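> predicted model and sequence below, questions to follow.
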Amino acid sequence: MSEDIFQGYKGRALEVMQKFNARVWAKVKVDTTRGVFEGSILPRAENTDDKHLVMKFFTGYNIGIDIDTITNITELGYKKAVYKIPEKEFPYSKGLPSVKLLGTGGTIASRLDYRTGAVIPAFSPGELYGAVPELADICNLTTEKIFAVFSENMGPEQYRKLAIAIGEEIEKGIQGIIIGHGTDTMHYTSAALTFMVQNSPIPIVLVGSQRSSDRPSSDAALNLMHAATAAGHGDIAEVMVCMFGPTSDEYGFLHRGTRVRKMHSSYRSTFRTIGDTPIATVSRKGVVPIKDDYNRRRNDRNVKITPVFEEKVAMIYYYTNMQPDMIDSLVENGYKGIIIIGTGLGHVNKPLYPAIERARDKGVAVYMTVQTLWGYVGMFVYDTGRDLMAKGVIPLENMLPEVAYIKLGWALGQTSDLEEVKKIMLTPINSDITPREPYNGYLIYQGGVPEVEDFIRKFHK
């Protein structure tokens, strides 16, 4: 057999493939000491091990089978898969809103190249139409790739470029903007854009996917349809994150850019509004507001773009027995702002006090948030909090830690006057600080409790 039918297989895995005359893309039945499996043999990426045979079940899920457990492989058929994004011309429909998709590198619609393990993104209008044809019923879509980076590599440079690009699109008359983004740091970017792009007349919707498009459980297509609906037809002219609401595909949530956070590593419903409720639900039928205190869509082109950021800002997550050199090292390296993520109501241990005073004396802006995420900093309650405030630490109410980090970088990008920075930090912008937490702003259900199980069965059987 030629080597191209063993794509990526080597060593012991290759020996087993050759022994049973198995080939990549063949539909097979694999007998093992752990049972019988049926599906298609997939290529291996070039840097993977030689201990597994990888199959895609007919249900669409992939599995790795330990080579040492295989007793026989029987070929049932053969059809080579082509993982090329289909492309069709995106149709223009009179009467539909014009929406611009700005790409950052997040693969909202994609296919996996099994030979290399790389993701092939769908990005051009034609590719997106080929992958998600329903988009043509929602809006007239154009796209522009601003840059191509993984979510973890997003930072101030990208925030600034996005803010400027958004301003340019608004000036041109676009009716809605979608930003395709990786999910890991989407809440950082949504906060940055909320501060850098204010008083927008149109919706700005960040969207991503937790599961790639080649998986049956992918959320990519539906998230993209929901984002297009919110951007093109919704009345909420704010920076928002659009992702799954419940774990099923009933509807999506629109989360305010300053109150949202990724809360689960793999759930499709990973994004949650913290300390408040989402702004709205969204489905292909439209946007249904949950709140009524939001910025409404306007017909003007007025927007305030402030694309600045001081990069010498850090977050410190306090832990027991933290040593003062953690803070001293930041000061010595020229950091101008520190967000402390404190315990309880906003506390750290006493050994840090001298380091905090040294930071204050060097003109470093030091602010306090809480590890609990829900709730408010309360530094007047205990002596620890009062002592910290006396040493220059400023409490940030119920601002989320990541939002505080972004806002401090944005504030210091505008001025080095610490009183002016304080004014910016403590002036609420799009609910980054709220006067109170609604009674239903803190809900964490604990599975196994009888009343919770009864509630779940009532709504999701």
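The structure has been received and is ready for your questions. Numbering: from 1, shown residues only.

> name the residues that touch stretch 144-157?
Stretch 144-157 is contacted from outside by 100-106, 123, 158, 161-162, 165, 181-186, 188-189, 192, 208, 309, 311, 409, using CB atoms under 8 Å, 6 or more residues apart in numbering. In this view, the C-beta of every residue, glycine as well, is placed from N, C-alpha and C.

> go again using 6 Å as the cut-off
Stretch 144-157 is contacted from outside by 102-103, 105, 161, 165, 182, 184-185, 189, 309, 311, using CB atoms under 6 Å, 6 or more residues apart in numbering.

> among the residues you listed, which lie within strands?
Within these, residues falling in strands by DSSP state E are 102-103.

> can you select the buried ones from the contacts of stretch 144-157 in ChimeraX?
Here is the ChimeraX command that selects the buried residues among the contacts of stretch 144-157 (16 or more other CB atoms under 10 Å):
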select :102,103,105,165,182,184,185,189,309
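
> out of the contacts of stretch 144-157, what pair is the most spread apart?
Spatial extent of those (CB to CB) is set by the pair Gly103 and Glu311 at 23.6 Å.

> contacting residues for the residue nearest the centre of the chain?
Note on the chain: the residue nearest the mean C-alpha position is Thr183, at 2.1 Å, using CA atoms, centre = their mean. Taking CB under 6 Å, 6+ apart as the criterion, Thr183 is in contact with 208, 210.

> returning to that earlier point: save the contacts of stretch 144-157 as TSV, and put in pLDDT and distance to Tyr318 too.
As requested, these are exported to TSV (pLDDT from 0 to 100; distance: CB to CB, whole Å):
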residue	pLDDT	distance to Tyr318
Leu102	91	37
Gly103	86	37
Gly105	73	33
Lys161	97	33
Ala165	97	37
Gly182	86	28
Asp184	92	23
Thr185	95	22
Thr189	98	25
Phe309	98	24
Glu311	97	22
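
> let's have the contacts of stretch 144-157 in CSV, adding distance to Ala26.
As requested, those are exported to CSV (distance: CB to CB, whole Å):
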residue, distance to Ala26
Leu102, 41
Gly103, 36
Gly105, 34
Lys161, 46
Ala165, 46
Gly182, 34
Asp184, 36
Thr185, 40
Thr189, 43
Phe309, 53
Glu311, 52
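
> in helices only, show me the contacts of stretch 144-157.
Those of the contacts of stretch 144-157 mapping onto helices are 161, 165, 189, per DSSP state H.

> can you tell me which of those residues is nearest Lys88?
Nearest member of the ones in helices among the contacts of stretch 144-157 to Lys88, counting by CB to CB, is Ala165, at 26.3 Å.

> distance-wise, check the closest one relative to Pro307.
Going from Ala165 to Pro307 by CB to CB, to the nearest Å gives 10 Å.

> what do you get for Asn62?
From Asn62 across to Pro307, the span is 42 Å (CB to CB).

> hey, where'd the helices end up in the stretch 251-400 of the chain?
325-332, 353-361, 383-390 (DSSP state H, counting those that start in this stretch).

> so who does the residue nearest to Arg160 when sequence neighbours are not counted touch?
The shortest distance from Arg160 to any residue other than its chain neighbours is 4.1 Å, reached at Pro307 (CB to CB, 6 or more residues apart in numbering). Contact analysis of Pro307 by CB under 6 Å, 6+ apart lists 160, 163-164, 196.

> lowest-scoring secondary structure element of the protein by mean pLDDT?
None of the helices or strands of the chain scores lower by mean pLDDT, DSSP states H and E than strand 118-121, at a mean of 57.

> after it, next one along is what?
Moving toward the C-terminus from strand 118-121, the next helix or strand (DSSP states H and E) is helix 125-131.

> measure Asp31 to Asn21 for me?
From Asp31 to Asn21 the distance is 14 Å (CB to CB).

> separate out the buried members of the contacts of Pro307.
Among these, those buried by neighbour count (16+ other CB under 10 Å) are 160, 163, 196.

> quick one: buried residues of the strand or helix carrying the second one?
When elements are defined using DSSP H and E, Ala163 is found to belong to helix 156-172. Within helix 156-172, the residues that count as buried by 16+ other CB under 10 Å are 156, 158-160, 162-163, 165-167, 169-170.

> tell me the first helix or strand C-terminal of it.
Next helix or strand after helix 156-172 toward the C-terminus (DSSP H and E): strand 176-180.

> residues in contact with that following strand?
Here strand 176-180 has contacts from 99-103, 106, 108, 166, 169, 202-207, 227, 231-232, using CB under 6 Å, 6+ apart.

> so what's the backbone phi/psi at Thr140?
Heads up, residue 140 is Asn, not Thr. Torsion angles at Asn140 (phi, psi; degrees, to the nearest 10) stand at phi -100, psi 110.

> neighbours of it, how many?
Residue neighbour count, defined by other CB atoms under 10 Å, stands at 20 for Asn140.

> report the contact partners of it.
The contact partners of Asn140, by CB under 6 Å, 6+ apart, come to 92, 96, 98.

> re the thing from before, what's the farthest-apart pair in the contacts of Pro307?
Greatest spacing in the contacts of Pro307, by CB to CB: Ile164 and Met196 (8.8 Å).

> what about Asn72, which SS state?
strand (DSSP: H, G, I helix; E, B strand; the rest coil).

> OK, contacts around it?
Contacts of Asn72 by CB under 6 Å, 6+ apart are Asp31.

> then the one 4 residues further on?
Neighbour list for Leu76: 27, 29 [criterion: CB under 6 Å, 6+ apart].

> quickly note the distance from it to Ile5.
Distance from Leu76 to Ile5, by CB to CB: 16 Å.

> next one: Gly342
On the measure of CB to CB, Gly342 and Ile5 end up 59 Å apart.

> neighbour count winner among these two?
Per other CB under 10 Å, whichever of Gly342 and Ile5 has more neighbours is Gly342, with 25 against 18.
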